[in-house]
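J.: model this:
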Amino acid sequence: MTQINVSNGESEPGPATTGVGLLDENIELHNIEHIPDSERHGSPRSQFTLWFSAQLYLASIVLGAVGIAIGLGLWQTLGALVAANILGAIATAACAVMGPRLGIPQLPMSRASFGYYGNFVPAVLATLLFIGYFSVGTILGAHVIQQMWNVPYWTMAVLVAVVCVVVAVVGYDMVHRWGHWVSATCVIVFAVLTGLAFAHGYGHAASTTVHGSSFWKSWLLEFTIAFSFTFSWAPYASDYSRYLPKATASRRTFLWSFGGLFVGTTWMMFLGALLAAVVVNGSVIPAIAIVSDGGFRYVAYVAILAGTVVANVLNLYSGAMSSLTWDFPLARWKTAALIGACGLALSLAFGGASFTHYYDEFLFFVAYFVTPWLAVIFLDFFWFRHAYVGGNAVESIEFYKRDGVFGRVSWTAVVSFFVAFAVSVPFMATILYTGPIGNALGGADLSYFVSFVVAGILYFALESWRRGKVPSLAVAAVPSEGLATPDA
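T.: Take a look at the predicted model:
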């Protein structure tokens, strides 16, 4: 077995390995290189438990409470959540399909679209995304523990971060095992908590308190906040499906991924709306104590903490994948540990009263880069198929060559990305900046829809023109470990 150099993917001698890229069947050795056929394993059902378990924490729950806070009412909030999460889960599941086909992580895949160095732009932004979400998860996890024990916040933040780093360092199989365990054990806890919240009654959330244009502005606000959270999982997706056998049917990968993410986000966000109906201008954490009987609230807190660990581990693991994509000069496990340290520092800085604003602003920041990037890679993978020649995957080593067939910078992708972002600016709505259209919509941020459409149209036009001018991509080699196109 060989180990891949983290900077360019070229093979170099590595320690003897066994199993699935593991050293002594414990620590995953693979960085961002292609996973060979001999190490592919698992079932697409694992995608359901992974994405479902990653939603069982306060971030998802808090977002559902927003609809109640702005006067939508319980069922109107649910309508916005369902619509947002369907679209967000479709985007993420489509990315998960790419993993078994190419056998590489998500961000290195987009080198086929942006070129080796051009892809540094989304890769660096993704690293910031993962660090930010890790800090959010650490903040929330620490506050959950504080509800059980009267201990200083900073000690709990450190504890949560350390546990997550350990799981992420072990690697891919441990991440999936943790997700499976959390899904199997915590689903009953959340079912009971949901039932208790229902039994407590809807209170002031029984009906909407906003009407006319104000209602639709509020509905759009809840929709955009939920959507920005759910589709922001897309840059992670193939990181956790790339070990699946290459013959895995694409429809199975898509459906299991979609199901886990949609059910998890919608359920937890709706639970947040139910809990928000219990208190007026209060936190959902005290609401859990109000609706729970006896010591059950502590059981609920533990279940939420377990889900927090899953989400945080995904941020560390994928943060390492994205960092190695822009040639960060450390191995995966060292990079994951470093990202954990950075995220912990942010959680200590923003863990107080400023958290709500920090979280809201961060969610919108996420959306600004993910959607134009998604538009480009979707067209490239499913339409132009840069990563394929004659139905087979381009030889995997091409994804790691600075001067390979994908080039150093693909100007069609880079131009489409930045132009789409610029066009979307008037639609933005954040505390730091609100464009004229975002202001007219009452704070509903539609900029990511605009950037997705603009990037897609522009990239389609530019790439079609380029291909007309340069008919061949000059890819002649049929891969030694090429992936035959799976079932659609």
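
J.: model confidence for Gly19, exactly?
T.: Per-residue pLDDT puts Gly19 at 36.

J.: cool, and the one 4 residues further on?
T.: Looking at Leu23, its pLDDT reads 40.

J.: just how off-centre is stretch 444-454 within its chain?
T.: A distance of 18 Å separates the centroid of the chain from that of stretch 444-454, by Cα atoms, centre = their mean, to the nearest Å.

J.: and what of stretch 414-434?
T.: With Cα atoms, centre = their mean, you get 21 Å for stretch 414-434.

J.: report the buried residues of it.
T.: 414, 416-417, 419-421, 423-430, 434 (16 or more other Cβ atoms under 10 Å). Heads up, the C-betas are built off the backbone N, CA and C, glycines and all.

J.: contacts only, for the nearest residue to Phe427 once chain neighbours are set aside.
T.: Spatial nearest neighbour of Phe427, chain neighbours left out: Ser447 (3.9 Å); criterion: Cβ to Cβ, 6 or more residues apart in numbering. Applying Cβ atoms under 8 Å, 6 or more residues apart in numbering to Ser447 gives the contacts Ala367, Tyr368, Ser424, Val425, Pro426, Phe427, Met428, Ala429, Gly435, Gly438.

J.: how does it look with 7 Å?
T.: Counting by Cβ atoms under 7 Å, 6 or more residues apart in numbering, Ser447 makes contact with Tyr368, Ser424, Phe427, Met428.

J.: tabulate these (CSV), appending secondary structure, distance to Trp75 and pLDDT.
T.: Shown next, in CSV, are the contacts of Ser447 (DSSP: H, G, I helix; E, B strand; the rest coil; distance: Cβ to Cβ, whole Å; pLDDT from 0 to 100):
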residue, secondary structure, distance to Trp75, pLDDT
Tyr368, helix, 31, 86
Ser424, helix, 31, 94
Phe427, helix, 28, 91
Met428, coil, 29, 88
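
J.: circling back: of the buried residues of stretch 414-434, closest to Leu107?
T.: Closest approach to Leu107 among the buried residues of stretch 414-434 (Cβ to Cβ): Phe417, at 14.0 Å.

J.: so for the residue nearest to that closest one when sequence neighbours are not counted, what's the pLDDT?
T.: Of all residues not flanking Phe417 in the chain, Pro372 sits nearest, at 4.9 Å (Cβ to Cβ, 6+ apart). As predicted, Pro372 sits at a pLDDT of 96.

J.: ok, Pro152 next?
T.: pLDDT at Pro152 comes out at 85.

J.: count of neighbours near it?
T.: Other residues lying near Pro152 total 10 when counted by other Cβ atoms under 10 Å.

J.: list the buried residues in stretch 104-114.
T.: Buried-residue list, stretch 104-114, by 16+ other Cβ under 10 Å: Ile104, Pro105, Gln106, Leu107, Pro108, Met109, Ser110, Arg111, Ala112, Ser113, Phe114.

J.: which is the next helix or strand following the helix or strand the fifth one falls within?
T.: Following DSSP states H and E, one finds Pro108 within helix 106-109. Beyond helix 106-109 in the direction of the C-terminus, DSSP H and E gives the next helix or strand as helix 111-114.

J.: quick one: low-confidence parts of the protein?
T.: Residue ranges of the chain with pLDDT under 70: 1-26, 280-282, 352-354, 356-357, 360, 363-364, 389-393, 470-488.

J.: what residue is smack in the middle of it?
T.: Nearest to the geometric centre of the chain sits Trp233, at 1.8 Å (Cα atoms, centre = their mean).

J.: the chain: strands as residue ranges?
T.: Under the criterion DSSP state E, the chain carries strands at the ranges 2-4, 11-13, 22-23, 27-28, 388-389, 392-393.

J.: re earlier: quick one: residues contacting the residue nearest to the centre of the chain.
T.: Contacts of Trp233 by Cβ under 7 Å, 6+ apart are Thr92, Leu261.

J.: just to revisit the earlier point, how close does the residue nearest to Phe427 sit to His176?
T.: 34 Å (Cβ to Cβ, to the nearest Å).

J.: equivalent analysis for Ser257, please.
T.: 13 Å.

J.: Ala444 too?
T.: As for Ala444, its distance to His176 is 36 Å (criterion: Cβ to Cβ).

J.: just Phe134 next, same as before
T.: 19 Å.

J.: cool, His386 as well?
T.: 29 Å.

J.: who's more crowded, these two?
T.: His386 (23 against 18).

J.: Leu31 touches Leu330, doesn't it?
T.: Leu isn't right for residue 31; it's Asn. No. Under the criterion of Cβ atoms under 7 Å, Asn31 makes no contact with Leu330, lying 9.4 Å away.

J.: neighbour count: the two, which is higher?
T.: Asn31 (22 against 15).

J.: phi, psi for the more buried one please.
T.: The phi/psi pair for Asn31 (degrees, to the nearest 10) reads phi -100, psi -100.
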